[in-house]
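Peer 1: quick one, fold the following:
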Amino acid sequence: MRIWFQKHTVAGRNPWLDRSYARHRRDLAALGAQVDFHTLPAEVYPTRIPADHVRFGQLEVLFSWYFADQALRAQEDGYDAYVIGTSQDPGLAAARSLVSIPVVGYGQVAFEFARSQGLRFGVIGFVPALEEILRENLHAYGCAAACVGFRYLPEGREVLEAGAAEGAVAGLRAEIDRAAAQLRTEGAQLIIPGEGIPNELLCAAGVREVGGLPFLDANSLALSTAHLLARTRRQGVWHRDVPGYHTDRAPETEVRRLRALFGPAVSHARELPEEDRHV
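Peer 2: Prediction:
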């Protein structure tokens, strides 16, 4: 089984982040699945993290086109599932319309998991501008009532851009603990990381609890969910090839023709070397 995990970052900007994803590959390999991590083209942003881009819904529209088209590439390349590894789930609905393989979004999986387990949760992140889109998604997913609130630590970006030095991360951990404790007083029973980067920053260090509450490893959950959906689809438990506006399948020749004719230019970005696409 093969799973395509689409990251919202550029390979090589944060070596510690690239290394941390290796733990997911090991975990899924133990289940008989191969995970390939795909990154953004290097030209997308010049900084260590994409914080200056993801805060604009206007730019996220372009990312959504790219993420959706990557799902089509994943299916064409024989992958069994596709993961959008960023909390705001760019291109999620479009990707599901384009392909028959399971498509999983980091944000949706995390929020719906908490709701399914009857747990109230709080969100802690580093990019305050994302709260608006995450709240919109919470309402769309039917999870808004389970969320007690958000806390953002803009200083987290400074720690990351400085290379995530051990001492700085320790200081940031204390701030996250305080934020989690505040959310706990407001009724939270679980903390969900507001972006994939803080998820890896803490989980790769073995952190499973903050402020006295469980800290959800949303990346691991997204991959485990993708594996479950792909396995059960293979077993015939379910499939997406059913009647409906978003699920009816046009002829493949027509999909390819229209994609080539007016597919977003961002979807046809220059291919990166293999070592930059798989980290």
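Peer 1: helix, strand or coil for residue 187?
Peer 2: With DSSP: H, G, I helix; E, B strand; the rest coil as the basis, residue 187 sits in coil.
Peer 1: what's the mean pLDDT across stretch 152-170?
Peer 2: Stretch 152-170 comes out with an average pLDDT of 73.
Peer 1: just the terminal-to-terminal distance for that stretch.
Peer 2: Length of stretch 152-170, first residue to last, C-alpha to C-alpha, to the nearest Å: 17 Å.
Peer 1: where does the protein dip in pLDDT?
Peer 2: 162-168, 264-279 (pLDDT under 70).
Peer 1: that one: strands as residue ranges?
Peer 2: Along the chain, the segments classed as strands by DSSP state E run 2-7, 34-38, 81-85, 103-105, 121-125, 147-152, 190-193, 209-210, 213-214.
Peer 1: sheet partners, orientation included, of the first one?
Peer 2: The reference is to strand 2-7. Paired with strand 2-7 in the same sheet, following DSSP bridges, are strand 34-38 (parallel), strand 81-85 (parallel).
Peer 1: buried residues in that strand?
Peer 2: 3-7 (16 or more other C-beta atoms under 10 Å). For the C-beta atoms, the positions are set from N, CA and C on the backbone; glycine is no exception.
Peer 1: closest to residue 175 out of those residues?
Peer 2: Set against residue 175, the nearest of these by C-beta to C-beta is residue 7 (24.9 Å).
Peer 1: ok, back up a step: so for residue 182, which of the strands of the chain sits nearest?
Peer 2: Of all the strands of the chain, strand 147-152 comes closest under C-beta to C-beta, at 6.5 Å.
Peer 1: OK, contacts around residue 169?
Peer 2: Applying C-beta atoms under 8 Å, 6 or more residues apart in numbering, one finds that residue 169 lies in contact with 159, 201, 205.
Peer 1: redo that, cut-off 6 Å
Peer 2: The contact partners of residue 169, by C-beta atoms under 6 Å, 6 or more residues apart in numbering, come to none.
Peer 1: okay, it and residue 205: tell me how far apart.
Peer 2: 7 Å (C-beta to C-beta, to the nearest Å).
Peer 1: again with residue 160
Peer 2: 14 Å.
Peer 1: between the two, who's got more neighbours?
Peer 2: residue 160 (24 against 15; other C-beta atoms under 10 Å).
Peer 1: quickly list what the most centrally placed residue in the chain is bridged to.
Peer 2: By C-alpha atoms, centre = their mean, the chain has its centre lying nearest to residue 85, at 1.9 Å. Under DSSP bridges, the beta-bridge partners of residue 85 are residue 7.
Peer 1: shouldn't it be in contact with residue 4?
Peer 2: No - Residue 85 is not in contact with residue 4 according to C-beta atoms under 6 Å; the separation is 9.9 Å.
Peer 1: got the contact list for residue 195?
Peer 2: Counted by C-beta under 6 Å, 6+ apart, residue 195 has contacts 87, 125.
Peer 1: how near is it to residue 6?
Peer 2: When residue 195 is compared with residue 6 (using C-beta to C-beta), they lie 15 Å apart.
Peer 1: equivalent analysis for residue 26, please.
Peer 2: Counting by C-beta to C-beta, the gap from residue 26 to residue 6 is 20 Å.
Peer 1: can you tell which of the strands paired with strand 2-7 is closest to residue 184?
Peer 2: strand 81-85 (27.1 Å).
Peer 1: contact partners of the closest one?
Peer 2: For strand 81-85, contacts defined as C-beta under 6 Å, 6+ apart pick out 3-7, 67, 71, 74, 92, 101-106, 196, 222, 226, 230.
Peer 1: one more time with 7 Å, if that's ok
Peer 2: Residues from elsewhere that reach strand 81-85 (C-beta atoms under 7 Å, 6 or more residues apart in numbering): 3-8, 67, 71, 74, 90-92, 95, 99, 101-106, 196, 219, 222-223, 226-227, 229-230.
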